[in-house]
Every structure is written in structure tokens, then in C-alpha cells.
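A.B. asks: Any chance you could fold what I've pasted below:
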Amino acid sequence: RPEDPFGYAYQVERAKFDQILLDRARALGVDVREKHHVRSVLVEEGRVTGVTYTDDAGREQTARARYVADASGNRSQIWRTVGERIYSEFFRNVALYGYFEGGKRLPAPNQGNILSAAFREGWFWYIPLSDSLTSVGAVVGREAAEEIRKGEEPALRGYIERGDIIADYLSGARRITEGPYGALRIRSDYSYCTNRFWKPGMVLVGDAACFVDPVFSSGVHLGTYSALLAARSLLTLLE
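C.D. replies: Numbering: from 1, shown residues only. As a prediction, the model looks like this:
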């Protein structure tokens with residue numbers, strides 16, 4: 001809205017968003033290798049000089065580079081090369097989330113915005129990814145996570161029932177149970193910051209470096225902005 005230049009939000013389906021970024025990188029001349037898995041980092045005289053990986057045929061390979069950027073997320077296998085993760089004592093939370101079709105939307109003009117709602121054990125995110133697809137996640141403290149251990153589906157259903165506005169918004173929706181959005185997902189102890197973001201020859205980007213409880217929806221911003229800063233630094237060094 002012209003009278004409210006900040007009254008909007010962009011929500012993205014990560015699979016589609018990541019594919020756009022990958023295709024753009026390929027179009028700009030990047031050597032993109034899919035289904036390759038980095039296994040370890042090469043270090044020579046205290047400097048990172050490349051990685052070992054398995055290719056799409058399962059063969060062990062080595063790639064050398066002047067600089068290595070780890071942008072492989074919170075499940076990175078190589079961030080330990082750089083430093084130590086310091087986990088938040090305050091945000092020792094567990095997130096249980098899934099995807100729904102047909103959920104309600106906020107009244108216009110905010111129908112595309114995220115809804116956050118508190119309930120007894122924690123809070124919900126309710127993120128409209130399209131006109132019909134919604135990401136719904138319950139974030140609870142460790143003391144309330146025992147319910148999840150007894151069963152993810154009944155736990156999420158119970159949280160939704162106790163989250164009044166979320167229950168209302170999902171009253172006519174169905175949870176997606178097939179395809180890439182079919183599984184319920186769990187993340188725990190995901191608020192952390194690595195004590196160093198770089199060492200000679202290597203830099204950490206995005207979730208490989210840090211992440212914070214998603215109450216402020218900062219994940220994509222931290223990922224893309226840290227990538228921008230890392231790219232500027234590396235280009236300066238290369239030039």
C-alpha cells in the first residue's frame with residue numbers, strides 16, 4: 001500500500017526459492033554440481049585449501065580453491081573447521097511443523113503476512129506460502145517437548161487445538177501427507193552462533209554460521225545478507 005510502504009511481506013517456498021538461486025548461479029557461469037556431498041575440508045599449514053566430496057556416482061573426489069564458503073545450513077558437516085557453536089540458553093526450544101492446504105488468511109490487505117500466536121506451551125508460526133499452502137509450526141520449550149516424543153501427529157494436533165486462533169484458521173484445512181511437504185519435521189536447539197565466522201581460506205554463511213529463534217522470521221535475511229557480505233569480502237581479496 002502506498003500509504004504504508006512497510007506493510008507487506010514476502011514468503012517463499014524454500015524448494016522453489018533455492019531452485020531459482022541455483023539456476024541463476026548456473027546462468028552466470030557457476031559450475032553447479034548437484035547430488036555431490038562434501039565430506040571434509042582440506043587444510044594445509046593452517047589454511048583451508050579445498051574440500052573432499054563424493055560425486056553423483058559415489059566416487060571420492062577432491063576440489064581445491066583459494067577460498068571455501070560453507071553455506072550448507074545448520075546441518076553443515078564442516079563448520080567445526082572454523083570454530084565452536086555457542087547455543088542459546090534462553091532459546092532451548094523445539095519446533096514441530098508441517099504444511100497445510102486450505103487454511104484461512106488474515107483480513108485484507110494483510111492476507112499474505114505471517115501470523116504469530118501464543119498458546120500455553122509456546123507459540124505458533126502460521127506462514128502463507130501461496131493462496132492455499134501454509135507452513136504451520138509450534139515452538140515449545142524443552143519441558144513441553146515430551147508430548148512430541150509420544151507422537152508427532154497427535155502432539156501437533158493437540159497444540160493446534162490449544163492455540164485458539166490457529167485452530168480456527170485451520171478448521172477447514174487438511175495437513176499435506178504426501179510429496180515434499182508430507183512429513184512432519186522437528187528442529188531442536190537451533191538458536192546458536194559460531195564463535196568465529198572465518199579462518200584463513202574459509203568463511204561460514206547463513207545457518208552454517210548462526211541462527212536465532214524464528215519469532216522474527218530472520219532466517220532468509222541472515223542467509224542472503226551474510227552471503228552478500230562474504231561475497232564482497234572475497235571479491236575484494238581476489239581483486
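
A.B. asks: any chance you could map the helices in this structure?
C.D. replies: Shown for the chain, the helices assigned by DSSP state H span residues 14-27, 146-149, 152-162, 164-169, 219-238.

A.B. asks: Surely residue 32 and residue 21 touch.
C.D. replies: No. Here residue 32 does not reach residue 21: they are 10.4 Å apart, not a contact under Cβ atoms under 8 Å. Placement of C-beta: from N, CA and C, glycine included.

A.B. asks: Can you say which of the helices of the chain is nearest to residue 135?
C.D. replies: Taking Cβ to Cβ, helix 14-27 is the member of those nearest to residue 135, at 9.4 Å.

A.B. asks: and for the closest one, what are the contacting residues?
C.D. replies: Contacts with helix 14-27, where a contact means Cβ atoms under 8 Å, 6 or more residues apart in numbering, come from 32, 34, 180, 220.

A.B. asks: Tell me the one of those residues nearest residue 47?
C.D. replies: For these, the nearest to residue 47 is residue 32 (25.6 Å; Cβ to Cβ).

A.B. asks: And the closest one, how close does it get to residue 233?
C.D. replies: Distance, residue 32 to residue 233, using Cβ to Cβ, to the nearest Å: 22 Å.

A.B. asks: same deal with residue 17?
C.D. replies: From residue 17 to residue 233 the distance is 24 Å (Cβ to Cβ).

A.B. asks: and what of residue 49?
C.D. replies: Using Cβ to Cβ, residue 49 is found at 18 Å from residue 233.

A.B. asks: now residue 196
C.D. replies: Distance, residue 196 to residue 233, using Cβ to Cβ: 14 Å.

A.B. asks: try residue 164
C.D. replies: For residue 164, the distance to residue 233 - Cβ to Cβ - is 47 Å.

A.B. asks: With residue 25 instead?
C.D. replies: Separation of residue 25 from residue 233 (Cβ to Cβ) stands at 18 Å.

A.B. asks: Low-confidence ranges, the chain, go.
C.D. replies: Along the chain, the model assigns pLDDT under 70 to residues 1-4, 6-9, 189, 213-217.

A.B. asks: before we move on, the earlier item: the more surrounded of residue 49 and residue 233?
C.D. replies: Taking other Cβ atoms under 10 Å, residue 49 and residue 233 do not tie; residue 49 has more neighbours (19 against 13).

A.B. asks: which residues does the closest residue in space to the more buried one that isn't next to it in sequence contact?
C.D. replies: Distance criterion Cβ to Cβ, 6 or more residues apart in numbering; nearest residue to residue 49, sequence neighbours excluded, is residue 42 at 4.9 Å. Counting by Cβ under 8 Å, 6+ apart, residue 42 touches 48-52, 62, 64.

A.B. asks: Selecting buried members of those in ChimeraX, what would you type?
C.D. replies: In ChimeraX, this line selects whichever of these come out buried by 16 or more other Cβ atoms under 10 Å:
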select :48,49,50,51
